[in-house]
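>>> show me the folded form of this:
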Amino acid sequence: MKKFVKNEEFQLGVCYYPEQWPEELWADDYRRMKEMNFSTVRVAEFAWAIFEPSEGEFSFELFDRAIDLAHEYGLKVVLGTPTATPPAWLTHKYPEVLNVTQEGVQLQHGLRRHYNYNAEIYHKLSARIVRKMVDHYKDHPAVIGWQLDNEFNCEINVFYSDADHKAFRNWVKKKYETLDNVNKAWGTVFWSQTYSSWDQIHLSRPNPSQSPNPHLALDEKRFISDSTIAYAKLQADIIQEVAPHHWITTNGLFGHLNNHEMTDDLLDFFAYDSYPNFSTIFPDKEDKPLLDRKWSWNLSNVRSISSTFAVFEQQSGPGGWVNRMQQPSPKRGQMRLWTYQSIAHGADMVLYFRWRTATMGTEIYWHGINDYHNQPNRRVEEATIIGNELIKVGNDIKGTEYQAEVAIVRDYDNEWDGELDLWHGPLSNKSNISWFKVLQYRHIPSNVTYIHDNTTVEDLQNYSTLIYPHPAIMTEKTSHLLENFVKAGGNVIFGCRTGYKDNTGKCYMKPFPGVVSELSGVTVEEFSIHNEDHLAPSVTTKTGTFQSDGFSEVLQVQSENAEVVGSYDDPFYENKPALVKHSVGKGTVYYYGGVFTEKSASFLLEELQITSPVKEWLAIPQKVELAIRKAKSGKEYVFLLNYSKDAQTIQVKSKRTNILTDKALEGDVVMEPFGVVILSSQLPQSL
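Presented below is the predicted three-dimensional model:
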C-alpha cells in the first residue's frame, strides 16, 4: 500500500470507455467530470481488440488521444490491462485458451472472462500486450496506476481445460512429491480411488453422484487460487519492471482466490466493486434484513485484505444485463449513502460505474451516472453534490483507518471446504451474518480478519475479542496461535463443528473439538443436525433462552477452570451443557455447541460487556450504521449512515461538528432518509 497512500488527494472519479463513444463527446465529458470535482478516470480494461486489432499489430492512437485529452482537463488515468476479454482473432486461432466446463464443454467467445489461466499461449500473448501497453504509457503524465485484468474469477471460478488438468497434475506433484503422499492426503483408500500413476490425476470430473473426493476438491480450489495468482503475477512483474513508479491493483471479490496472498505478494492495495442493489436480487429474508447494509459486511472483508482500499465500481444507477440481474434505480440519496458507506469502511478512492450508460452490448441496462441522452438527471445532480463535499473533506479522511475492537475470523481452507461440506459450510454463513447483524444494530464496529500461515499473535492483539464460529479445519499451529492470544488476555468465541478436521479436510481421530479441545475446556459428548421436523433444543442461561440454528452439540466439561453458562432445556439432552466459558491465562474462551443466532450472539456480547464505543455521548437508532475512522494524530471521524427510507433521529449528547456541513450538532438531530452525517470532535471555525 506504500504507493497508494502517497497520492496527494482523495480520488473521486468514474469508469470511462472512450472506445464506445464518438470522439466529439470526449471533451464535453471530461469538462463535466471536472465540474463535478472528479479527478480520476479508469479506462481500457476491455479494449484488447483496440490495442491489438490483429495478431502482432498494435495500435495506441485512439487511447493516446483519449488519455492526452484527459490530461489536458487535469484528470488522472487508471489503465486496465485488457486480458479479461481476449479478442476474436485470438480465441479463433488459439481455442486452447478457452475455458471448459467440468463436463468437458468448451465455452466460446462472445462474452468476457472466457479464457483459462493455464494455457501457455495465453500467458505468452497476455505478457506481450501488457508489456506493449506499459512500455507505451509508462511516462505519460496522466497515468498513475494499473488494474490487472478485471474481476478475476467473476462469471465463473472453476476451470477444466486440458491445460488446467495438466497444470493441476504438476501442482499436485510439486506439493506432494510422491503418489504415496497424494493417496494419504486424499484418503484414496476409500472406495478404491488409489492412484498408481501421475497420469491418473485430474481435476474433479463428473461422477454418478456428482460428489467429488472432498480432499481433492479442497486442493482443487487451492490450485485455482494459485493459478489465478500466477497469472496476475505474470502481469504485475512486467509493470513493476517497466513502470515501477506506477501503483498496481486489481478489482473485485470473487471465489476461489486468496486475495490476501495476491495483495500481499503483488499489489499496492486492493480494489472492490460495490453494487449494494444486488440485495434486491438476493434479499436477506431474516429478521432485521441487512439489504444494502450487507455491503458493509463485504467492505469489512475487503478491509481485511487492504486496510485502506479503492472502490473501482461504485453503483450509480439501476443495474442489469439484457438477460439477467434486474436491479431497481437507487432511491434519492442512496448513491451518496453508498459512496460514504465505502469511504467509512476504508476507501480512499471511489470511482463510479459508469460515466454514461452503454448504448450497445450486454450491459445496455447497467446504468451509469448519465443516461443515453446525455442530459442532466438526478444521478448527475447527486454525484455533483458528492464531488463538492469530498473536495472539502476527502483529504482529511484519506489515510485514516477504520476502528474496531471485535473481529469475525475467517480462513480460506474452511470457506473452500465448506462449499462442498454441508455439515459446516452453511453454518458459517448463518453465524457470520447473525454476528454481523448484532454488532451492526448495537453500533459496535467490527472487522473481519483472516487467519493464514503468517498470522501472528501481534496481528490478533489489535482486537479484544475474536469470533470464529465454525472452523472445522483447525491445525495445531492455529490452535497454538489462538491459545497464545487468549493467554495474553484476549477472548475467543467458537461455535459447533470446530476443530475436527486437519488441513487436508480429513477428520482427526480425537474427541471433538479436536485440537482446540484443551483450549476450550470441553469435549463433545454427542451431536445432531436439525431441520424443521427435528428442531434444535432451547438453551437456558441466567438471563434467558435461545435456540441454535441447525445443529447442536452436547458438551462435557474437561477443565476445573471451565464454567457452564448455558444448558439445554430438553429431556433428551438432560439439561447438559450447551455453552461453556473457559478461563485460560488472562483471557477467556467460549464454546457454544450450536449455530449462532442474533439472540445467542447478543447474550455473549452482554456476557463480555462489549458495548458501542460512542454510547457515552451519542444515541443512535438501529437503522443508522456507525463507523469510525481514526487518524494517526488521534482525530476521529464518526460516520452515521441512515439506511432507512424514513428520517431518523440521533441524539448528540456533547457538541460535535458535522464536517459535511461545518455545523455544530447537539441534542436531537434529524437525519434525512438515506442521509449521512460525519462527526468530528473539532468545532466549526465560525464558533
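
>>> in this structure, which helix or strand is least confident?
strand 544-547 (a mean of 94; mean pLDDT, DSSP states H and E).

>>> paired strands for it, with orientation please.
strand 538-541 (antiparallel) (DSSP bridges).

>>> buried residues in the longest helix belonging to the chain?
Counting residues, the longest helix in the chain under DSSP state H turns out to be helix 214-242. With burial defined by 16 or more other C-beta atoms under 10 Å, the residues of helix 214-242 counted as buried are 214-229, 231-232, 234-236, 238-239, 242. For every residue, glycine as well, the C-beta is placed using N, CA and C.

>>> same deal with stretch 643-657?
Buried-residue list, stretch 643-657, by 16+ other C-beta under 10 Å: 643, 648, 650, 652, 656-657.

>>> what would the residues you listed look like in CSV with distance to Phe190?
Listed next are these as CSV, based on distance: C-beta to C-beta, whole Å:
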residue, distance to Phe190
Tyr643, 49
Gln648, 57
Ile650, 59
Val652, 63
Arg656, 63
Thr657, 65
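
>>> so for stretch 152-170, what's the average pLDDT?
For stretch 152-170, mean pLDDT is 98.

>>> contacts for that stretch, please.
By C-beta atoms under 8 Å, 6 or more residues apart in numbering, the residues outside stretch 152-170 that reach it are 96, 98-102, 104, 106-107, 111-113, 116-120, 198-199, 201-203, 205, 220, 223-224, 227-228, 232, 250, 252, 254-257.

>>> sort out which of those are buried, if you could.
Buried members of these, counted by 16+ other C-beta under 10 Å: 96, 98-100, 107, 112-113, 116-119, 201, 203, 220, 223-224, 227-228, 232, 250, 252, 254, 256-257.

>>> that's a strand at Leu482, yeah?
No: using DSSP: H, G, I helix; E, B strand; the rest coil, the assignment for Leu482 is helix, not a strand.

>>> so who does it touch?
Contact partners of Leu482, counting by C-beta under 8 Å, 6+ apart, are 460, 466, 468, 492, 516, 519.

>>> give me the element the fourth one is part of.
It stands for Val492. Taking DSSP states H and E as the definition, Val492 sits inside strand 491-494.

>>> tell me how far that strand lies from the chain's centre.
Relative to the chain's own centre, strand 491-494 is displaced by 23 Å; criterion: C-alpha atoms, centre = their mean, to the nearest Å.

>>> ok, now stretch 402-413?
The chain centroid and the centroid of stretch 402-413 are separated by 12 Å under C-alpha atoms, centre = their mean.

>>> same thing with stretch 244-258?
Centre-to-centre, stretch 244-258 and its host chain are 12 Å apart (C-alpha atoms, centre = their mean).

>>> can you check stretch 215-223 too?
For stretch 215-223, the distance to the chain centre is 21 Å (C-alpha atoms, centre = their mean).

>>> what sits up against it?
So stretch 215-223 is contacted by 167-168, 171-172, 175, 185-187, 203-204, 212, 256, 412-413, 416-417, 419-420, 504-506 (C-beta under 8 Å, 6+ apart).

>>> what about this structure, any weak spots by pLDDT?
Residue ranges of the chain with pLDDT under 70: 1-7, 683, 685-687.

>>> which strand in it has the most residues?
Secondary structure of the chain per DSSP state E: the longest strand is strand 648-658.

>>> pull up the pairing partners for that strand, direction included.
By DSSP bridges, strand 648-658 pairs with strand 618-619 (antiparallel), strand 663-671 (antiparallel), strand 676-680 (antiparallel).

>>> so what touches the shortest one?
When contacts are taken as C-beta under 8 Å, 6+ apart, the neighbours of strand 618-619 outside the stretch itself are 626, 638, 650-653, 679.

>>> again, only using 6 Å
Residues outside strand 618-619 that contact it (C-beta atoms under 6 Å, 6 or more residues apart in numbering) are Gln651.

>>> ok, now the longest one?
Residues outside strand 663-671 that contact it (C-beta under 6 Å, 6+ apart) are 642, 647-652, 655-658, 683-684.

>>> next: the last one.
With contact meaning C-beta under 6 Å, 6+ apart, strand 676-680 is reached by 337, 340, 637-641, 656-660.
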